[in-house]
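Colleague: here is the input, now give the coordinates:
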Amino acid sequence: MSNRSVTSVKDALTCAADLHQKVNGQVMITLGEKGAELSSEEGVQHYPAVFCPDVVNTTGTNAKSSASV
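Modeller: Numbers count the residues shown, from 1 in each chain. Below is the predicted model:
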């Protein structure tokens, strides 16, 4: 939609603001370990990523049971 490459938080902030004007609604751009940018009526805000050291499988399955499905 923006026809541009986003490679940094600064690029994402600019792109989110531009897209917000284009679509006339909220825009969120996710940047993985760099966090996310949200552009809304209140402005553009950076949300840092949260580090999760131990990810736990909460689906109730394990490799054997999910492989047999």
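
Colleague: please make it C-alpha for all contacts and neighbour counts, starting now.
Modeller: OK.

Colleague: now the spatially most central residue of the chain. Its backbone dihedrals?
Modeller: In the chain, the C-alpha nearest the mean C-alpha coordinate belongs to residue 30, at 2.0 Å (Cα atoms, centre = their mean). With angles defined as degrees, to the nearest 10, residue 30 sits at phi -100, psi 140.

Colleague: pLDDT score for it?
Modeller: pLDDT for residue 30: 86.

Colleague: now for it: which residues touch it?
Modeller: Residue 30 is in contact with 36, 37, counting by Cα atoms under 8 Å, 6 or more residues apart in numbering.

Colleague: equivalent analysis for residue 36, please.
Modeller: Residue 36 is in contact with 28, 29, 30, 46, 47, 48, 49, counting by Cα under 8 Å, 6+ apart.

Colleague: how far away is the last one from residue 25?
Modeller: Residue 49 sits 23 Å away from residue 25, taking Cα to Cα, to the nearest Å as the criterion.
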